[in-house]
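S.K.: how would this look folded up:
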Amino acid sequence: MEYIILFFIGIFATAIGTLIGGGGMVNLPVMLLLGMPVHSAIGANKVSNTVSSFSSFYYLYRNKQISMRESWWIIPVSIGGGMTGGFIASKIPAENMNIIALILLTFAFLTSFRGKRDFSGTKPLTVNKVSVPGLYGIGIYDGLFGPGQGTLMFYLFGYLNISYVKAVALVRLATFSSCIGAAAMYISAGKIIWPMTFALMAGSVTGAQLGVRIAEKLDPRYVKPILRAATVILIVQVLVKMV
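M.R.: Here you go, the predicted model:
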C-alpha cells in the first residue's frame, strides 16, 4: 500500500514541482509519515528527481524549447552545488535546514514584488555575476534540504528575464544536475531505501511528463501570482514544521 501512495504522490508532487517548484514539500512529509528516516526521505527525493528532471528537460529540448549551447554550463555549477550541500547536510541538524528554507523562501517572496518581469521575456541564459552564484547557491540548498529549490530557481530565472517555458527547462536541467551530486552523496552514505525510492521515481517521471505539457499551454502572465501563492504555502508549511 505504501508503494502505491508513493507512486501517486510522485505524480502529483512532480507535476506541481515542474510548473512552479515546491514538489518536495508535498512528497517529503508523506515519506516521513510512512516512517522513512529524514535523510532516507531526502535521498529518495534526490534519486527520483534525478530521473524525472532529466525526462522533462529532454522533452522540452527535443521540442526545441531550449538548446544545450545556451544551458550546458548549468550542469557543472549545479552538480558542484548539490555535492556541496549533500556533504554539509550530514553535519547539520534537520531543524536548522527548516530555518534555512524559511529565510530563502521569504527572501524570494519579498523580492518577487520588485520590478515587473513576468516570465514573458525573451533573453537567453548567460554566464554572469547573478546567474552563476545564484545557481550554485540554490544547488547547495537543494543538496542540503531541497523543498522550495525549484521555486527559488523560478524566481532567479524570472529576474533574469527568461521566458516561462525556457525557465521550466532550465529549472529541470539544474535540478537534474544538483540532484546527481546530492544523490551520489546519499547513496554512498547508505541512506537510500530502494523499494520506496523506485515507487516514488515511477510516479515522479509520470508527473514530470504531465507537468511539461501543461507548462507549454500556461499563460506566462499567470505564473508569478501562482508562484507567489505557492511560496506562501511553502513558508506556512515550514513554519508549521518548526512549531
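S.K.: got the contact list for the host helix or strand of Ala108?
M.R.: Secondary structure assignment for Ala108, by DSSP states H and E: helix 94-111. Contacts with helix 94-111, where a contact means C-beta atoms under 8 Å, 6 or more residues apart in numbering, come from 38, 89, 141, 144-145, 147-148, 151-152, 155, 159, 228, 231-232, 234-235, 238-239, 241-242. For glycine as for every other residue, the C-beta is placed from the backbone atoms N, C-alpha and C.
S.K.: Tell me the buried residues within those residues.
M.R.: 38, 89, 141, 144-145, 147-148, 151-152, 155, 159, 228, 231, 234-235, 238, 241 (16 or more other C-beta atoms under 10 Å).
S.K.: Could you list every helix and strand that the helix or strand encompassing Ile5 packs against?
M.R.: Counting by DSSP H and E, the element that carries Ile5 is helix 2-20. Secondary-structure packing of helix 2-20 (3 or more C-beta pairs under 8 Å, 6 or more residues apart in numbering; DSSP states H and E): helix 24-33, helix 38-62, helix 149-159, helix 164-188, helix 194-215, helix 223-242.
S.K.: how about low-confidence regions in the protein?
M.R.: Per-residue confidence for the chain (pLDDT under 70) gives these ranges: 90, 94-95, 97, 115-117, 145-147, 243.
S.K.: From the centroid of it, which residue is nearest?
M.R.: Centroid-nearest residue in the chain, with C-alpha atoms, centre = their mean: Gly150, separated by 3.3 Å.
S.K.: ok, for it, nearest residue in space, not its chain neighbours?
M.R.: Spatial nearest neighbour of Gly150, excluding adjacent residues (C-beta to C-beta, 6 or more residues apart in numbering): Gly21 at 2.8 Å.
S.K.: same thing with Thr14?
M.R.: Gly207 (3.2 Å).
S.K.: Count the residues that sit near that neighbour.
M.R.: Neighbour count of Gly207, defined by other C-beta atoms under 10 Å: 28.
S.K.: cool, Ser188 as well?
M.R.: 10.
S.K.: Tell me if I'm right that Met31 and Ile193 touch.
M.R.: No - counting by C-beta atoms under 8 Å, Met31 stays clear of Ile193, with 9.2 Å between them.
S.K.: Between the two, which is the more surrounded one?
M.R.: Shown here are Met31 and Ile193; by other C-beta under 10 Å, Met31 has more neighbours (25 against 15).
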